[in-house]
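In: need a structure here:
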Amino acid sequence: MASGRRRDERGSALVDFTLVSVVLLPIVLGIVQVALVLHVRATLAAAASEGARLAATAGSSPGEGVARTRSQIAEAVGAGYARDVEVHRVTIDGAPAIEITVRAEVPALGLGGPAVELSVSGRAVQEDAPDGDKR
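Out: Take a look at the predicted model:
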């Protein structure tokens, strides 16, 4: 009786695996996509902040901040994410500051498909130029 039951269940593990895979695979791929987007977003934000700090340093120019931002993004996640980098002079609590904004699209799982659009900014208060030297 027990051997007859075992024969009837032959191949059921393959069916079980297939059914579980159909549910788990999209969940795992979704988690990977979220991790990829968060990694790229954190990298872009760090590069924008670093570029803004450089641009706000006495003796530096906004163009140097943009160049630093682009180079850090290119080294960390690829030059394709560094295409849209803008610099603006802004005011933070009444103090002059530099803001660098990076806009990029992260493709689904890095392969293509519907992209997630990101826009991050980094700001830094400008340092005063020594001896009244103006840029």
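In: need the helices for this structure, in chain order.
Out: Taking DSSP state H as the criterion, the chain carries its helices at 2-8, 12-56, 62-76.
In: CSV please, covering those and showing mean pLDDT, distance to residue 109 and mean neighbour count.
Out: (C-beta placed from N, C-alpha, C; glycine too.) Below are these laid out as CSV (pLDDT from 0 to 100; distance: least, CB to CB, whole Å; neighbours: other CB atoms under 10 Å):
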stretch, mean pLDDT, distance to residue 109, mean neighbour count
helix 2-8, 59, 40, 7
helix 12-56, 92, 6, 15
helix 62-76, 96, 18, 18
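In: now those in TSV, with distance to residue 126?
Out: Formatted as TSV, the helices of the chain follow (distance: least, CB to CB, whole Å):
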stretch	distance to residue 126
helix 2-8	78
helix 12-56	5
helix 62-76	10
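In: out of these, nearest to residue 103?
Out: helix 12-56 (8.9 Å; CB to CB).
In: elements contacting that closest one?
Out: With contacts defined as 3 or more CB pairs under 8 Å, 6 or more residues apart in numbering; DSSP states H and E, helix 12-56 has these neighbours: helix 62-76, strand 84-92, strand 95-106, strand 116-125.
In: Export the ones you listed to CSV and append columns for distance to residue 20.
Out: Output for these, formatted as CSV (distance: least, CB to CB, whole Å):
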stretch, distance to residue 20
helix 62-76, 36
strand 84-92, 42
strand 95-106, 29
strand 116-125, 28
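In: Quick check: which of these is nearest to residue 22?
Out: With CB to CB as the yardstick, what comes closest out of those is strand 116-125 (24.6 Å).
In: Next up, the contacts around the closest residue to residue 74 other than its chain neighbours.
Out: Nearest non-adjacent residue to residue 74, counting by CB to CB, 6 or more residues apart in numbering: residue 82, 5.3 Å away. Residues in contact with residue 82 (CB atoms under 8 Å, 6 or more residues apart in numbering) are 47, 69, 70, 73, 74, 102, 104.
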